[in-house]
Each structure stands twice: as C-alpha cells, then as structure tokens.
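Engineer: Give me coordinates for this.
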Amino acid sequence: MTGITYTMFIENATGPAAADVVACGVSLPRALVLALEYGGKGKPAVVYSDVGALHYFAIGRRPADGGPFQCATCTVLQRSENPGLDADRAFEIFEQVLLQHPHEFWEGRVMTDEDFAQRHRNEEIAT
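Structural biologist: Numbering: from 1, shown residues only. Prediction:
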C-alpha cells in the first residue's frame, strides 16, 4: 500500500480549474471501481480464464439491465504457480491503464491528489 490517493474529475468547457470533481482522496483500486460504476452503466466485474500457459483477465461492467459483460480492457499474463499473484498483477495493469488511458473506463481523468491540487493552484495563478 503506497498511501497515495487520487482525485477523479471530468474536465468541462470552462477549463481545468472548473473541473467537476467526482471523488478525491481515493485509492487507485477504488478509483477503478468508481470509474466503471460512473453514470450508472452497471456494476464492475472481472472475468478470467486459463488459455494454455496464460491467464486472461478482462475488466468491465455488467449492465444494470442484465445485458452481457461489457469489457473495458483486458490483459494476458504468463500463468504462475500463484493465481492470487496473477490476479494482483492484472489489477496493477488495469490501474495503470486507468491512469494513462482513462477513456478505456470512463469520460474523466484520474491523477494524484497532490498533482490535482498543484494543477488547480497553477490555474488560479494563471487567471
């Protein structure tokens, strides 16, 4: 556990200083869940299977109306002797996708609370 917390926000047309904050002070795993739940599109879900010597993991949502699983992103890992470790490695990848390519999960962005606060301060100074 790193102790780093994150702010989730959606930029709006008036600029970054006026971003709509969805959540702040959340852990990265919690941010992943919130991004998948955002907008009431469904409940977060993970599916996995073994494909030969590989573990396949997909993360997405199950729609509230009971429709089929909607994959947001997936990864394939070399299977180890420890399935729990494999799942942890997959989640680390999903968390990095959320940070670097948030559009895979939702329409907003995620950054550390510290970076978000600094960005907000810089925007205030610029105006």
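Engineer: so what's the closest residue to residue 80 other than its chain neighbours up against?
Structural biologist: In space, and not counting its chain neighbours, residue 80 is closest to residue 86: 5.6 Å by Cβ to Cβ, 6 or more residues apart in numbering. C-betas here are computed from N, CA, C, even on glycine. For residue 86, the contacting residues are 55, 57, 77, 79-80, by Cβ atoms under 8 Å, 6 or more residues apart in numbering.
Engineer: again with residue 44
Structural biologist: 32-33, 36-37, 59-61.
Engineer: Apart from its neighbours in sequence, what residue is nearest residue 28?
Structural biologist: Spatial nearest neighbour of residue 28, excluding adjacent residues (Cβ to Cβ, 6+ apart): residue 95 at 4.7 Å.
Engineer: Would you mind pointing out the helix or strand that neighbour falls in?
Structural biologist: If you go by DSSP states H and E, residue 95 is part of helix 83-100.
Engineer: Tell me which residue is most central in this protein.
Structural biologist: Computing the C-alpha centroid of the chain and ranking residues by Cα atoms, centre = their mean puts residue 32 first, at 3.2 Å.
Engineer: mind listing what that residue touches?
Structural biologist: 44, 59, 91, 94-95, 98, 105.
Engineer: Could I have the buried ones of these as ChimeraX selection syntax?
Structural biologist: ChimeraX command restricting these to the buried ones, with burial defined by 16 or more other Cβ atoms under 10 Å:
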select :44,59,91,94,95,98,105
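Engineer: In JSON lines, list the contacts of residue 32 along with distance to residue 22 and pLDDT.
Structural biologist: Below are the contacts of residue 32 laid out as JSON lines (distance: Cβ to Cβ, whole Å; pLDDT from 0 to 100):
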{"residue": "44", "distance to residue 22": "15", "pLDDT": "95"}
{"residue": "59", "distance to residue 22": "19", "pLDDT": "97"}
{"residue": "91", "distance to residue 22": "21", "pLDDT": "95"}
{"residue": "94", "distance to residue 22": "18", "pLDDT": "97"}
{"residue": "95", "distance to residue 22": "17", "pLDDT": "96"}
{"residue": "98", "distance to residue 22": "13", "pLDDT": "97"}
{"residue": "105", "distance to residue 22": "12", "pLDDT": "94"}
